[in-house]
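Undergrad: Predicted structure and sequence below. I'll ask about it afterward.
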Amino acid sequence: MNKTFTLLFYAKKSKMLLNGMAPIYLRITIDSMRTEFTVKRNVDPEKWDGRTQKAIGNTEDIRSLNAYLKTVEQQVYDAHHLMMKDREEITAASLRARMIGKEEKVRMLVPIIQDHNKKVKQLVGNEFSPNTLKRYETSLRHTIEFLKWKFNTSDIDIRKVDHAFITEYEFFLRSVRKCNNNSAVKYIRNFGKVIRICVANGWLNKNPFANYKSHVREVERVFLNEEELQAMSEKEFSIERISQVRDIFLFCCYTGLAYIDVKQLTPNHINFGIDGEKWIFINRQKTDTRSNIPLLPMAESLINKYKNHPQCVNEGRVFPVLSNQKMNSYLKEIADACGIKKELTFHIARHTFATTVTLTNGVSIESVSKMLGHKNIRTTQHYAKILDKKVSEDMKLLREKFKLKNLDEEIRLTKTF
């Protein structure tokens, strides 16, 4: 026997939410018997057209909502068709039960990123550094701004993230956010990590990054040469705080430690090495790789200078390290006082260790890589590329070999005649 079968979407104003939105319900009526259930979407009652059973407007949010309602409607008809095919008893209640059991969960992009960042935050100090968390949080803000800029929406179904989405996002970062190449690439890579999680969980059928390529451009690394290092070492400062910053910076020039690692350096990190001399044994916070660094005389004297400093004694630290922002601010004053024209930041100390202190003085690139805690020697090779002095010395040796070879040839020819 044929049965009457109707569907009706409506905004249920009797269950208005505190934000002024009303939940959308679907009413199923079969042979005058009806049931209803929420489709788990909300709408502004002022933007709901009861006659057409759709939201009114042209924004991405509205279009997405209406498309979702059409999908739900089709799912009901599909379920009804299957029940007829299987000769099941069809009632409003049985069709509702079938629908609720088969409802597909829609996953939105922003909550997925937020959940990822929440987990990163919980692992700060263990697997991640505070700066890593900060980068992921900035990436989230950029993503939200991009959704507003491109789609005029606050969120989007993860299934709508495709190759075009990625390329448009990159364009947004470069044009609207004015990110340089390397910053844009890093933010896209952060976003890519979240997408890989979605693919691994089966929330995406394919990876939208499959045919996407980006490249980090090599940045010229600034470092102090031997004369600048000497000028900073010999300069006298009347202000104790500036003198301390200079000393800690110099210590990192002679050890290669990054800011966060020297800040966390304790006497327990300093022990006798295989040669009977004092070494630093520490895991880099950024990569959690081991750095074993023999102490040069200059570095050891700076440690001794601060071993009785009240702050160091109270905190169990080797040096009284200020915030990175303050250290960089004082370094600018130090550079001016020493006649150094380069824009000094604390990380330049690490570059100086790799170049002026070690590679220039003949330390092998393998040893430098190990002391810096690099996971890949290619990272260390970037320093070797910029050492004109090392290139000059290598070519000087080659010239001497050619001179000797030519001299031997001249002697041989003289004896022949």
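TA: Sure thing, it's come through.
Undergrad: what about the strands in the chain?
TA: According to DSSP state E, the chain carries its strands in the segments 5-11, 22-30, 33-43, 48-49, 54-55, 270-272, 278-283, 290-294.
Undergrad: remind me which residues of the stretch 101-250 of the chain are low pLDDT?
TA: Counting by pLDDT under 70, the stretch 101-250 of the chain has low-confidence residues at 101-105, 218-220.
Undergrad: my bad, should have said the stretch 301-417 of the chain
TA: Counting by pLDDT under 70, the ranges of the stretch 301-417 of the chain that qualify are 384-394, 405-417.
Undergrad: Could you rerun that using 80?
TA: The model of the stretch 301-417 of the chain has pLDDT under 80 over residues 375-417.
Undergrad: mind putting the strands of the chain in CSV, mean neighbour count included?
TA: For glycine as for every other residue, the C-beta is placed from the backbone atoms N, C-alpha and C. Output for the strands of the chain, formatted as CSV (neighbours: other CB atoms under 10 Å):
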stretch, mean neighbour count
strand 5-11, 16
strand 22-30, 18
strand 33-43, 16
strand 48-49, 14
strand 54-55, 20
strand 270-272, 13
strand 278-283, 17
strand 290-294, 17
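Undergrad: Relative to residue 162, which of those is closest?
TA: Residue 162 lies closest to strand 33-43 among those, at 22.9 Å (CB to CB).
Undergrad: Could you save the strands of the chain as a markdown table and add columns showing mean pLDDT and distance to residue 301?
TA: Formatted as a markdown table, the strands of the chain follow (pLDDT from 0 to 100; distance: least, CB to CB, whole Å):
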| stretch | mean pLDDT | distance to residue 301 |
| --- | --- | --- |
| strand 5-11 | 93 | 76 |
| strand 22-30 | 93 | 72 |
| strand 33-43 | 90 | 68 |
| strand 48-49 | 94 | 76 |
| strand 54-55 | 94 | 73 |
| strand 270-272 | 93 | 13 |
| strand 278-283 | 91 | 12 |
| strand 290-294 | 89 | 15 |
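Undergrad: Can you lay out those strands as CSV showing distance to residue 312?
TA: Below are these laid out as CSV (distance: least, CB to CB, whole Å):
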stretch, distance to residue 312
strand 5-11, 66
strand 22-30, 61
strand 33-43, 58
strand 48-49, 67
strand 54-55, 64
strand 270-272, 13
strand 278-283, 16
strand 290-294, 19
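Undergrad: can you tell me which of those comes nearest to residue 116?
TA: Using CB to CB, these put strand 33-43 closest to residue 116, at 23.0 Å.
Undergrad: for the closest one, packing partners?
TA: Judged by 3 or more CB pairs under 8 Å, 6 or more residues apart in numbering; DSSP states H and E, strand 33-43 is in contact with strand 22-30, helix 60-85, helix 92-102.
Undergrad: Now do it: everything it contacts.
TA: With CB atoms under 8 Å, 6 or more residues apart in numbering as the test, strand 33-43 has contacts from 9, 11-12, 17, 21-28, 55, 65, 68-69, 72, 91-93, 95-96, 99-100.
Undergrad: want to throw the helices and strands packed on strand 33-43 into CSV with distance to residue 399?
TA: Formatted as CSV, the helices and strands packed on strand 33-43 follow (distance: least, CB to CB, whole Å):
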stretch, distance to residue 399
strand 22-30, 82
helix 60-85, 68
helix 92-102, 80
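Undergrad: out of these, nearest to residue 291?
TA: Comparing the helices and strands packed on strand 33-43 by CB to CB, helix 60-85 comes nearest, at 49.1 Å.
Undergrad: How much space separates residue 280 from residue 254?
TA: Going from residue 280 to residue 254 by CB to CB, to the nearest Å gives 11 Å.
Undergrad: Run a quick neighbour tally on the residue nearest to residue 286 when sequence neighbours are not counted.
TA: Leaving aside its sequence neighbours, residue 286 sits nearest to residue 129 (CB to CB, 6 or more residues apart in numbering; 5.8 Å). Neighbours of residue 129 under the rule other CB atoms under 10 Å: 17.
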